Structures are given as C-alpha cells and as structure tokens.
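[1] Show me how the following folds:
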Amino acid sequence: MSKRFQVSNLHAVEILDSRARPTLAVTLTTTDGTRVRACVPAGVSTGTREAVELRDSDQTRYNGQGVLTAIGHINGEIVQALTGRTFASAAELDRALLGLDGTETKSRLGTNAVIGVSPAVIRAEAALAGRELWQHPAQIAGTTPRLPVPHFHVVNGGAHAVNNLDFQEFMPAPLGAPSLPEALRAETEVYARLKARLAALGQPTGLGDEGGFAPAIDRPEDVLKLIVDAITDVGYTAGRDGVAIWTQPPASSAALTAFITSRVPPSRATSSSIAPACYAVDTRSSGDYSCRQVHRVPASRGERAPVPGAHWPPRSSPNHEDASGRCSHVCWSRRPLRWHSFLRGRRLRSVE
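    A predicted model of the protein is given here:
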C-alpha cells in the first residue's frame, strides 16, 4: 500500500528538449521534504485524436513553440488546487488533475502541463515508499520487475526523416537475447553492419529525427530486407528467437490506406486485406479503430511478449479504452517470414 502524501509545492520552468524545442520541467516537493523533478518529452508525429499539447503561438519566442502558457497553468491553477491536500496515491492525484482540466483531450490545462505533474508525483510516491522508480510500478501492479527489451532506432522515415519512406520507425528487437548486455551488443552490432551495408549501396548514412539512418529508400520491404541481412551478417537469427524488427506504420489512416492500395488491388484494400498484406495501423496514433479483423487470430497462437511504447504524452483516456485489444504497432520477424502485431495486454499475436 502506498504511503499517503501531501504536496507542499510545485514549480515548473521552461527547458529545451533533445530537438532544441521548448518543453517544461516540474519540481515537486512534499511536506516531509521529499523533492523530485520530471521533464516532459514531445514527439513530432501526432494523431487525429491526440491529447492537446499547449504551445504559446508567440512568434517572437521559439517560433511560437514556447510553453509558458502551460507553465502558467502549473504554477497557478494546478498549484492552488493540489498544495495542502493529502493524497492516498499517485492515481488519486492523477484523477484530481483530470477533473481539474475537465476535457477529454486535456486541452484546457494542456497535456504537457498534466504530464509534467503526473510523473513527478509517481517519483515522489516511489521515494516515499523507499523504492526505486523502476520498482514502484511493479509493486503497484503486483508483478515482478523486469527489464524491457531494448529497441534502437536504426532507420527513420515519415515525419522523422527527409525521404519518401512510409514507415516512420524501424527498430531491431533482440527478443532472444539472454541478458541486457547481450541485447545491447546485438543492437550495436546490427546497427554497425546496417551502416556498412547502406554505405556500400551508396546510401547516405546521416541520421533522421529519431537517431536512425535516413536512406533514400521508398519501400519499407526493402528496408526490412536490409535489416534482416544485417542481422544475419553478424551471426544472429532474424526472428523472435533472435533479433526481430519492430516498426511503426504510417501515423494516419489516410496514409495507411494509400500505402495498402499501392500494394494490393483496389477491390481488396479493406481492413480484411491488411492481415494477408502483413500491415497494421498504429491505432493509438491515428485514432482509427476500424482494422479489427487484423487481430482476429486464435488465442492459442498468442504468447507473452513485451509491448514497446510509442508515444508520450499519451492519447486521451477514452481512446485507450476504445483501443483495448486492438492494434498498436507491428513487429516483423522471420520464423519463417511473418509479421507480429503487438497488442495491448502484452501479447504477441501472429498475423499471417
């Protein structure tokens, strides 16, 4: 059981993220003197039902990307609403935050304001319980802490690179690695070999927005073949027993439809054709929950697997409820060649 706590102070400031864009950092202090800090990341690719991130739109500062409005909400209204109150858990404080905002998409206070406070609170709760942050969520959920499988960006497309590649992200996923050091070794060796292969083809080896290569390659299947070849070159098995490949399809249903129709006859460009075509939409990104047929596979074919997160800040909560059990992202592996869609509930289901 979490220890009850009381917030004595909250303070937000404007900082710069890894893209040199303004974001915010929140410092939270409890009445017993516990002091923690959390920073808010942001992406460049947004969906049609994205929770609203407040930007100032003041063109005289940071090209309109400043976050002083969201900071003002934290240092004003949120501080007034939360300080001096006793909370039984971080979840209770989160509910208070959502109630204070009062909108489905967090558009009044701004999701960057809400998300700035929320991780600071969970850090404080962990500290008060005498646990490390990585231990705390598992304790709350009643599970055993486990290290996630590391996923490294190796190729960028979409909004993350200046090329014509439909898919935004390609990441090797060493699912078969026996330990974290061996997983990191596999990722690094595959990355180095992929760079060498791209250079040998005369492709640029400059980096995209997410740190992966941004080659002048249009077809995702060509990128997948390059990565599989890099995996096998350095002695690993391409697949779930070795190194699989996680990828994010187009972020909107329109982009996905265009991608599908370019590869299957128009009469078959429906949700039922996506599974045979081996593609699936990131519904949490696009807000499109129509591709249900992709996931109708026998439960006996599922197995436990980690779910790589894609977006932060998260989508509005009703969309998470709508997306339950539906497609999030795609993991491609070879055993033989197959696609696997990572679904909520941490299951890896084969889509053939």
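
[2] For residue 117, give me its contacts.
    Contacts here follow CB atoms under 8 Å, 6 or more residues apart in numbering; on that basis residue 117 touches 10, 26, 28, 38, 74, 78, 82, 93, 97. Just so you know, the C-beta spots here come from the backbone N, C-alpha and C atoms, and that holds for glycine as well.

[3] hang on, the fifth one is in a strand, isn't it?
    No: assessed by DSSP: H, G, I helix; E, B strand; the rest coil, residue 74 does not belong to a strand; its assignment is helix.

[4] just to revisit the earlier point, most widely separated two among the contacts of residue 117?
    Among the contacts of residue 117, the pair separated by the greatest distance (CB to CB) is 38 and 82, at 14.4 Å.

[5] mind saving the C-alpha coords of the lengthiest helix in the chain as CSV?
    Looking across the chain with DSSP state H, the single longest helix is helix 180-200. Taking C-alpha atoms only, helix 180-200 is exported to CSV below (Å, rounded to 0.1, in the frame of the first residue of the first chain):
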residue,chain,number,x,y,z
LEU,A,180,20.6,-6.9,-21.2
PRO,A,181,24.3,-6.7,-22.0
GLU,A,182,23.9,-9.3,-24.8
ALA,A,183,20.8,-7.4,-26.1
LEU,A,184,22.8,-4.1,-26.3
ARG,A,185,25.6,-6.0,-28.0
ALA,A,186,23.3,-7.4,-30.6
GLU,A,187,21.7,-3.9,-31.2
THR,A,188,25.1,-2.3,-31.6
GLU,A,189,26.5,-4.9,-34.0
VAL,A,190,23.4,-4.8,-36.2
TYR,A,191,23.5,-1.0,-36.3
ALA,A,192,27.1,-1.0,-37.4
ARG,A,193,26.6,-3.7,-40.0
LEU,A,194,23.5,-1.9,-41.4
LYS,A,195,25.5,1.3,-41.7
ALA,A,196,28.2,-0.5,-43.7
ARG,A,197,25.5,-2.0,-46.0
LEU,A,198,23.9,1.4,-46.6
ALA,A,199,27.3,2.9,-47.4
ALA,A,200,28.2,0.1,-49.8
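
[6] Contacts for the next helix or strand after that helix, please.
    Sequence order places helix 220-233 as the next helix or strand after helix 180-200, per DSSP states H and E. Contact with helix 220-233 is made by 154-155, 157, 165-167, 170, 172, 190, 193-194, 197-198, 215, 217, 237-238, 242-243, 245, 247, 332, 334, as judged by CB under 8 Å, 6+ apart.

[7] Would you list the buried entries among the residues you listed?
    154-155, 157, 165-167, 170, 172, 190, 193-194, 197-198, 215, 217, 238, 242-243, 245, 247, 332, 334 (16 or more other CB atoms under 10 Å).

[8] hang on, the earlier thing: which ones among the contacts of residue 117 lie within helices?
    Mapping the contacts of residue 117 onto helices (DSSP H) picks out 82, 93, 97.

[9] Mind pulling up the pLDDT for the last one?
    Spelled out, it's residue 97. pLDDT recorded at residue 97 is 94.

[10] try the second one
    Confidence at residue 93, expressed as pLDDT, is 93.

[11] So residue 144: helix, strand or coil?
    Assignment for residue 144 (three-state DSSP): coil.

[12] Once you drop chain neighbours, what's closest to it?
    Leaving aside its sequence neighbours, residue 144 sits nearest to residue 138 (CB to CB, 6 or more residues apart in numbering; 6.3 Å).
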